[in-house]
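Q: Mind looking at a prediction? Sequence and model below.
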Amino acid sequence: QSALTQPASVSGSPGQSITISCTGTSSDVGIFDLVSWYQQYPGKAPRLMIYEVNKRPSGVSNRFSGSKSANTASLTISGLQAEDEADYYCNSYTPSNTYVFGTGTDVTVL
Amino acid sequence: EVQLVESGGGLVQPGGSLRLSCAASGFTFSDLYIDWVRQAPGKGLEWVGRTRNKGNNYDTTYAASVKGRFTISRDDSKNTVYLQMNSLKTEDTAVYYCVRALNFAFDYWGQGTLVTVSS
């Protein structure tokens, strides 16, 4: 199972919106609405930000939203803030009862 | 408060074995699935495997990269999950996270424990 493809880096100015893509195949992202997104600060454990494509866990800002079209999922951060500077990973469940992560995206707030 | 605390990491030679533990608290452990996720130094996240609950016969699933070498087990009486790692390779060097699985996502993570495979 190959890793899902994410852009290596995305940047934006405070207040802007950015979108991180996560491209898989019809055997992972495209087959189920079971994509999740994680935020990770350096040296820290990841944090769940979105599950089941577009659902936010309690405590996650509504500036974070998710969507999916065919084999590509997306995470949008609106009203970008300095605290959003982190690495972001997507993840998808697969039909073989396994999971695959994305390659990761480094978000920089200019 | 949900907590997952890993232990057992350290330095091991290639071909060696190591067992990691994950002590859970703050939720009904026996009801839920627990997974392991790892992260090599400076690299991305990699899913390692899962143990399901008693209702699903404690069934386990593994990533292809560790299948046949790693074994996940659990002791519901101790709220603990184990990751037995055998035939370790240098490419298994990583921080290993214990994670709670819910709604096909990983909603709580431990702090991680570092495993270094080196001669």
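A: That came through fine. Numbers count the residues shown, from 1 in each chain, chains lettered A, B, ... in the order given.

Q: For chain B, what lies in contact range of chain A?
A: With C-beta under 8 Å from any C-beta of the partner chain as the criterion, chain B meets chain A at residues B:35, B:37, B:44-47, B:50, B:61-64, B:97, B:103-107, B:109-112. Every C-beta, even on glycine, is put in place using the N, C-alpha and C of the backbone.

Q: burial measure for residue B:86, as a count.
A: 14 (other C-beta atoms under 10 Å in any protein chain shown).

Q: what helices or strands is the top strand by length along chain A leaning on?
A: Among the segments of chain A that qualify as a strand by DSSP state E, the longest is strand A:86-93. On a contact count with 3 or more C-beta pairs under 8 Å, 6 or more residues apart in numbering or on different chains; DSSP states H and E, strand A:86-93 meets strand A:18-23, strand A:35-40, strand A:72-77, strand A:99-101, strand A:105-109, strand B:45-51.

Q: What separation is there between residue A:44 and residue A:56?
A: Going from residue A:44 to residue A:56 by C-beta to C-beta, to the nearest Å gives 20 Å.

Q: Which strand residues bridge residue A:38?
A: residue A:48, residue A:89 (DSSP bridges).

Q: Compute the distance between it and residue A:101, please.
A: The gap separating residue A:38 from residue A:101 is 8 Å, by C-beta to C-beta.

Q: Need the residues that contact the longest strand of chain A.
A: By C-beta atoms under 8 Å, 6 or more residues apart in numbering or on different chains, the residues outside strand A:86-93 that reach it are A:4, A:6, A:20, A:22, A:24, A:28-29, A:32, A:34-42, A:46, A:49, A:73, A:75, A:99-102, A:104-107, B:44-45, B:47, B:104-106.

Q: what's the answer for stretch A:19-29, then?
A: With C-beta under 8 Å, 6+ apart as the test, stretch A:19-29 has contacts from A:1, A:4-7, A:10, A:30, A:35, A:37, A:68, A:71-77, A:88, A:90, A:92-95, A:100, A:102, A:105, A:107.

Q: Off-centre distance for that stretch?
A: Centroid displacement of stretch A:19-29 relative to its chain, using C-alpha atoms, centre = their mean, to the nearest Å, is 10 Å.

Q: The most centrally placed residue in chain B pairs with what?
A: Nearest to the geometric centre of chain B sits residue B:36, at 3.2 Å (C-alpha atoms, centre = their mean). Beta bridges link residue B:36 to residue B:49, residue B:98, judged by DSSP bridges.

Q: Wait, it touches residue B:49, no?
A: Yes: counting by C-beta atoms under 8 Å, residue B:49 is a contact partner of residue B:36 at 5.6 Å.
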